[in-house]
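K.L.:
Could you work out the structure for the sequence below:
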Amino acid sequence: MRLLKVATCNLNQWAMDFDSNLQHIKASIQKAKASGATVRVGPELEITGYGCEDHFLEPDTITHAWECLKDILAEDLTRGILCNIGMPVELSGVRYNCQVFCLNQKILLIRPKICLANDGNYRELRWFSAWKHRHQLVEYQLPSIIADAVSQKIVPFGDGYLSFIDTNIAAETCEELFTPDAPHIGLALSGVEVFTNGSGSHHQLRKLNTRLELIQSGTYKSGGVYIYSNQQGCDGGRLYYDGCACIAVNGDIVAQGSQFSLHDVEVVTALVDLDAVLSYRGAISSLREQAASASSVPSIRVDFKLCNMKENLRIFPSLPIKISCSRRGNSSGSWMLALGLPAEEWSIWLFITTFRRSRQFICSSYCWMHVPACNQRYS
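P.N.:
This is a model prediction of the structure:
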């Protein structure tokens, strides 16, 4: 068996709070490594926070994101573990919403978002452009702020996947999972076995059901391991991101995080058998026929083994679990979210916890007027 330990996470990131966001990212990587994982996936735009809005138009926002990534790579956090980190990147004067793959203190690939979310509460086209060149890679010259630190000048940028010694890994980003022509289908036909999805998906009635159904359906049709990560909490705006990071294998959910929690960092892990993906795909004749005629997708070869677990008859891959669409965290206050109290009440509660952590002051009379549930239990 090719056993692979993977980790995903829910992170409580705040817009433009680079210091706290960086600490949450580092903590999640450390927890993932401590569990024995060799792949760690983080939320969309996790360095800056998803809800920066027009701050994305400021060059300093991208500069500070590179500084944070430099800080991560300067330490040995990425030693022996593939990390997928979300941040904005500018290429030729165009801003892209990107996933940056890092391993052993090096950048392997920068993968820009192909399909942007621009309906409902989303306005990504105001700040970013979609990558229009499907199945194409270009050379990206790293900014000097990080190039000298990691001894790299040029890295691949675009729509491709990473080809390791023992498996292939590619990325999707949030909205792409919801599109009719989802990238994971073509990538699966090209031999990619592991898919990552860094997301910034807010809470909406029955939206979690849709997410889980799409993840299960995608891996049921084409096989594979799908690692989904999400932001959790309020990031300073008017939306609540409901976490629920999960891991799916061949149509089954094998690990799922909490949907409503006030923990800043939550890491979810699973042990998956990649040979089970190979067997699953090989048993579907229509999949084999389509894969035989699929268009090629560019890849980056990486001389590294991710499946480093030794054969042990006592070690079993993670089994399917009963999925839940209202999983609560164990922290106090999560009951507010799960009971469906008005958004004003639980968002103010999250602000209170943040002010308490940073030793700032918030007027108690404001909470008394606007947050009766908070006042009743926590006054």
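
K.L.:
host element of the most centrally placed residue in the chain?
P.N.:
With distances taken as Cα atoms, centre = their mean, the residue of the chain nearest its centroid is residue 198 (2.3 Å). Here residue 198 sits within strand 194-199, counting by DSSP states H and E.

K.L.:
coming back round to it: wait, the residue nearest to the centre of the chain sits on residue 40?
P.N.:
No - with contacts counted by Cβ atoms under 8 Å, residue 198 stays clear of residue 40, the gap being 10.7 Å. All C-beta atoms are positioned from the backbone trio N, CA, C, and that covers glycine.

K.L.:
Now list whatever residues contact both of those two.
P.N.:
Common contact partners of residue 198 and residue 40 (Cβ atoms under 8 Å, 6 or more residues apart in numbering): residue 84.

K.L.:
ok, residue 210 - contacts?
P.N.:
Contacts of residue 210 by Cβ under 8 Å, 6+ apart are residue 178.

K.L.:
Surely it is in a strand?
P.N.:
No - according to DSSP: H, G, I helix; E, B strand; the rest coil, residue 210 belongs to no strand; its state is helix.

K.L.:
Please report how far it lies from residue 310.
P.N.:
According to Cβ to Cβ, to the nearest Å, residue 210 stands 39 Å off from residue 310.

K.L.:
Please apply the same query to residue 217.
P.N.:
Residue 217 is 34 Å from residue 310, where distance means Cβ to Cβ.

K.L.:
More neighbours: those two, which one.
P.N.:
residue 217 (13 against 6; other Cβ atoms under 10 Å).

K.L.:
in what helix or strand does the more buried one lie?
P.N.:
Following DSSP H and E, one finds residue 217 within helix 207-222.

K.L.:
Parallel or antiparallel, which strands does the helix or strand just after that helix pair with?
P.N.:
Counting by DSSP H and E, the next helix or strand C-terminal to helix 207-222 is strand 225-234. Paired with strand 225-234 in the same sheet, following DSSP bridges, are strand 3-11 (parallel), strand 194-199 (parallel), strand 240-242 (antiparallel), strand 246-249 (antiparallel).

K.L.:
what residues does the helix or strand following the longest one touch?
P.N.:
Read it as strand 3-11. Using DSSP H and E, the helix or strand that follows strand 3-11 towards the C-terminus is helix 18-34. In this structure, residues lying in contact with helix 18-34 by Cβ under 8 Å, 6+ apart are 7, 9, 11-14, 40, 42, 46-49, 64-65, 67-68, 71-72, 75, 77-78, 80-81, 83, 85, 264-265, 267, 269.

K.L.:
make it 7 Å
P.N.:
Outside helix 18-34, the residues that touch it by Cβ atoms under 7 Å, 6 or more residues apart in numbering are 7, 9, 11-14, 40, 42, 46-47, 49, 64, 68, 71-72, 77, 81, 83, 85, 264-265, 267.

K.L.:
same thing with stretch 155-167?
P.N.:
Residues outside stretch 155-167 that contact it (Cβ under 7 Å, 6+ apart): 2, 4, 91, 101, 107-110, 112, 114, 131, 133-138, 140, 142, 168-170, 187, 192-194, 274, 297-307.

K.L.:
Among these, name the ones in strands.
P.N.:
Residues of the contacts of stretch 155-167 located in strands (DSSP state E): 4, 91, 101, 107-110, 112, 137-138, 140, 168-170, 194, 299-301.

K.L.:
Narrow those residues to just the buried residues.
P.N.:
Listed as buried from the ones in strands among the contacts of stretch 155-167 are 4, 91, 101, 107-110, 112, 137, 140, 168-170, 194, 299; burial here means 16 or more other Cβ atoms under 10 Å.

K.L.:
Looking at those, which one is closest to residue 241?
P.N.:
Minimum distance to residue 241 across those is 21.6 Å, recorded for residue 112 (Cβ to Cβ).

K.L.:
Looking at strand pairing, list the partners for that closest one.
P.N.:
Bridge pairing for residue 112 - DSSP bridges - gives residue 98.

K.L.:
Check the closest residue to residue 201 other than its chain neighbours and give its pLDDT.
P.N.:
Distances taken as Cβ to Cβ, 6 or more residues apart in numbering place residue 230 nearest to residue 201, at 5.5 Å, with adjacent residues excluded. At residue 230, the pLDDT value in this model is 97.

K.L.:
what are the ranges of the helices in this structure?
P.N.:
Using DSSP state H, the helices of the chain run over 18-34, 59-74, 144-150, 183-189, 207-222, 274-282, 285-292, 334-338, 343-358, 364-370, 372-378.

K.L.:
Could I have the CA atoms of the longest one written out in PDB?
P.N.:
Which is helix 18-34. In PDB, the C-alpha atoms belonging to helix 18-34 read as follows (Å, rounded to 0.1, in the frame of the first residue of the first chain):
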ATOM      1  CA  PHE A  18      -0.500  39.500   9.200                       C
ATOM      2  CA  ASP A  19       1.100  38.700  12.600                       C
ATOM      3  CA  SER A  20      -1.800  36.600  14.000                       C
ATOM      4  CA  ASN A  21      -2.500  35.000  10.600                       C
ATOM      5  CA  LEU A  22       1.200  34.000  10.300                       C
ATOM      6  CA  GLN A  23       1.100  32.500  13.800                       C
ATOM      7  CA  HIS A  24      -2.000  30.500  12.900                       C
ATOM      8  CA  ILE A  25      -0.400  29.100   9.700                       C
ATOM      9  CA  LYS A  26       2.800  28.200  11.600                       C
ATOM     10  CA  ALA A  27       0.800  26.400  14.300                       C
ATOM     11  CA  SER A  28      -1.200  24.500  11.800                       C
ATOM     12  CA  ILE A  29       2.000  23.300  10.000                       C
ATOM     13  CA  GLN A  30       3.500  22.300  13.300                       C
ATOM     14  CA  LYS A  31       0.400  20.300  14.300                       C
ATOM     15  CA  ALA A  32       0.300  18.600  10.900                       C
ATOM     16  CA  LYS A  33       4.000  17.600  11.200                       C
ATOM     17  CA  ALA A  34       3.500  16.400  14.700                       C
END
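
K.L.:
Run the chain-centre distance for it.
P.N.:
Centroid separation for helix 18-34 versus its chain: 13 Å, with Cα atoms, centre = their mean, to the nearest Å.

K.L.:
Nice, that's everything, thank you.
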